[in-house]
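1. everything below, folded, please.
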Amino acid sequence: MQTSWRVTQFRESVIRDMTRLALQHGAINLSQGFPDFGTEQAIVEAAVTAMREGLNQYTVTWGYPPLREKLAEMYTARLGWPVHPNQHVTVTCGVTEGIVIAMMAVLNAGDEVIIFEPAHDNFRPAAFMAGATPVSVPLTPPNYRITPEQLATAVTPKTRALLLNTPHNPTGRVFDAAELEAITAIVLKHDLVLITDEIYDRILYDGRSHLSPGSLPALRDRTITLGGLGKTFAITGWRLGYAIAPDELARALRPLHDFTSICAPTPLQAGAAAALNLPAEFYEASTAAYHQRRALMMEILEANGFQATPPQGAYYVMADYSHLAIPQAQLPPMAFAHWLTKEVGVAVVPGDSFYSLPGYGQGMVRFAFPKKYETLMEVATRLRQKLTV
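-> Residues are numbered from 1 along each chain as shown. Got it, this is the predicted structure:
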């Protein structure tokens, strides 16, 4: 029996594999990026009310109208051009769906798309689903910077798009003006489409504010901006994302969304609309809480011999374990991650799983820290018992 070419190009997610391993061994799950604290009750109540009031059938394919209207208002201000809820906003089943349909909308068989690595493990499969070839540009620790030279060497006559994730998972980088300038120059020079994954746009540190690349005047007409609700509002299981795109790109996206999922869950979209109407105090409290979690995570890593740079955004830390004073420090990342999960009781993601390029990510694992204080303190206890000599 023959299966398709595309499914030979990738395997199931290593991140979700590590979650299953964590469940199997009773480990604290710092592998998959989801909170273990509660969701704001106003969001939950809005979804429950929608269900009780009968909002349980299909909504408009492009999304529940009040949610699209709120997103259009937000992104008109953010992007600097008039985003129309009926033309430019498409609510998706998570950013994952958004990335897949964005790739399918702009890539043909044989085309190439530039992806910066380390990268979330759904980026390359999305390219293969579109029949295209992902071209990897490596970013190296500790700074993980994008340079014009790296980009220039990655472009070929087949290049059609570039995918940018900022704030960045797994490194926590927030790419700066010089890096965005380099991206802009390449996109314009080679007539590319820019696809951005901006799901961590509300999780930033040290006074940083998010800049959507699609707000840059030169990129407005050629950027698909992807965002989501799951991380900011602790509703990752609701699977709600969205795509904001100018006319031509939105027209390409929408049929793909229509025939992929019809629509995202209607009552949960009602809850999302309520989430986007929360007062500024919610975001201020969330930012303060993430600063505390980051500080505690960095303290735990340092105390146990890991080497890591504090993230500028998102809620992950790439940590170097190769200098730990234990025999397991010489293990490759997958073996170390399995040992840490099974024997120490803390699940992480092997660093090399974020690269397709050989030799990168060695001696590294990713910790996710969107967790309660007491959860992180238990992580500290488990690491101290096994790693401190």
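2. tell me how this structure divides into domains.
-> Domains of the chain are assigned by automatic domain parsing as 6-32+280-387, 41-275.
3. run the chain-centre distance for the longest one.
-> Here the centre of mass of C-alpha atoms in domain 41-275, compared against the chain's by CA atoms, centre = their mean, to the nearest Å, lies 9 Å away.
4. now do the same end-to-end measure for that domain.
-> Counting by CA to CA, to the nearest Å, you get 10 Å between the two ends of domain 41-275.
5. now residue 182: which helix or strand?
-> helix 177-189 (DSSP states H and E).
6. packing partners for that helix?
-> helix 148-154, strand 159-165, strand 193-197 (3 or more CB pairs under 8 Å, 6 or more residues apart in numbering; DSSP states H and E). (Glycine included, C-beta is placed from N, CA and C.)
7. what angle sits between the last one and helix 177-189?
-> Pointing back at strand 193-197 there. For strand 193-197 against helix 177-189, the angle by axes from the mean of the first three to the mean of the last three CA atoms, to 10 degrees is 140 degrees.
8. beta partners for residue 115?
-> Beta-bridge pairing for residue 115 (DSSP bridges): residue 136, residue 163.
9. so it makes contact with residue 125?
-> No: at 11.0 Å, residue 115 does not count as touching residue 125 under the criterion of CB atoms under 8 Å.
10. helices of the protein, start to end?
-> 14-25, 41-52, 65-79, 94-106, 123-129, 148-154, 177-189, 247-261, 266-275, 280-303, 333-339, 373-387 (DSSP state H).
11. I'd like the distance between the closest residue to residue 63 other than its chain neighbours and residue 334.
-> The shortest distance from residue 63 to any residue other than its chain neighbours is 2.9 Å, reached at residue 91 (CB to CB, 6 or more residues apart in numbering). Distance from residue 91 to residue 334, counting by CB to CB, to the nearest Å: 36 Å.
12. the more surrounded of those two?
-> residue 91 (28 against 17; other CB atoms under 10 Å).
13. between the helices and strands packed on helix 177-189, which one is nearest to residue 260?
-> strand 193-197 (16.2 Å; CB to CB).
14. can you list the strands that the closest one pairs with?
-> strand 159-165 (parallel), strand 223-228 (parallel).
15. any chance of the ones you listed in a markdown table, plus distance to residue 150 and mean pLDDT?
-> Formatted as a markdown table, the strands paired with strand 193-197 follow (distance: least, CB to CB, whole Å; pLDDT from 0 to 100):
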| stretch | distance to residue 150 | mean pLDDT |
| --- | --- | --- |
| strand 159-165 | 12 | 98 |
| strand 223-228 | 20 | 98 |
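16. need the winner for burial among those.
-> When you average the neighbours per residue for each of those (mean count of other CB atoms under 10 Å), strand 223-228 leads with a mean of 27.
17. tell me the angle of that strand relative to helix 94-106?
-> Going by the same axes, to 10 degrees, strand 223-228 makes 160 degrees with helix 94-106.
18. separation between residue 253 and residue 318?
-> In terms of CB to CB, residue 253 sits 32 Å off from residue 318.
19. phi first, then psi, for the residue lying closest to residue 314 once chain neighbours are set aside.
-> Once flanking residues are discounted, residue 314 sits nearest to residue 200: 4.0 Å by CB to CB, 6+ apart. Note on residue 200: backbone dihedrals following degrees, to the nearest 10 are phi -100, psi 30.
20. same deal with the one 5 residues further on?
-> Dihedral angles of residue 205 (phi, psi; degrees, to the nearest 10) stand at phi -130, psi 160.
21. from residue 278, how far out is it?
-> Where residue 278 is concerned, residue 205 sits at a distance of 21 Å (CB to CB).
22. out of those two, which sits in the busier spot?
-> residue 205 (19 against 15).
23. for residue 168, give me the backbone phi and psi.
-> Per-residue torsions, residue 168: phi -100, psi 130 (degrees, to the nearest 10).
24. isn't it right next to residue 179, touching?
-> No: using CB under 8 Å as the test, residue 168 is too far from residue 179 to be in contact (10.5 Å).
25. between those two, tell me which one has more neighbours.
-> For residue 168 versus residue 179, neighbours defined as other CB under 10 Å are more numerous around residue 168 (25 against 20).
26. show the contacting residues for that one.
-> 116, 144, 174, 175, 313, 314 (CB atoms under 8 Å, 6 or more residues apart in numbering).
27. out of those residues, flag the one nearest to residue 63.
-> For the contacts of residue 168, the nearest to residue 63 is residue 314 (24.9 Å; CB to CB).
28. that closest one: neighbouring residues, count only.
-> Look at residue 314: counted by other CB under 10 Å, it has 29 neighbours.
29. again, but for residue 304
-> 18.
30. how about it, what does it touch?
-> Applying CB under 8 Å, 6+ apart, we find residue 304 in contact with 324, 380, 383, 384, 387, 388.
31. state the pLDDT value of the first one.
-> The per-residue pLDDT reported for residue 324 equals 95.
32. ok, now how distant is it from residue 305?
-> 5 Å.
33. now do the shared contacts for those two.
-> With CB under 8 Å, 6+ apart as the test, residue 324 and residue 305 both reach residue 387.
34. was I right to think residue 363 contacts residue 319?
-> No: counting by CB under 8 Å, residue 319 is not a contact partner of residue 363; they are 9.5 Å apart.
35. more crowded one of these two?
-> residue 319 (23 against 20).
36. can you tell me which residues contact that one?
-> So residue 319 contacts 301, 306, 307, 308, 364, 365, 366, 367 (CB under 8 Å, 6+ apart).
37. how about the first one, what does it touch?
-> The reference is to residue 301. 307, 308, 317, 319, 367.
38. all good on my end, thank you.
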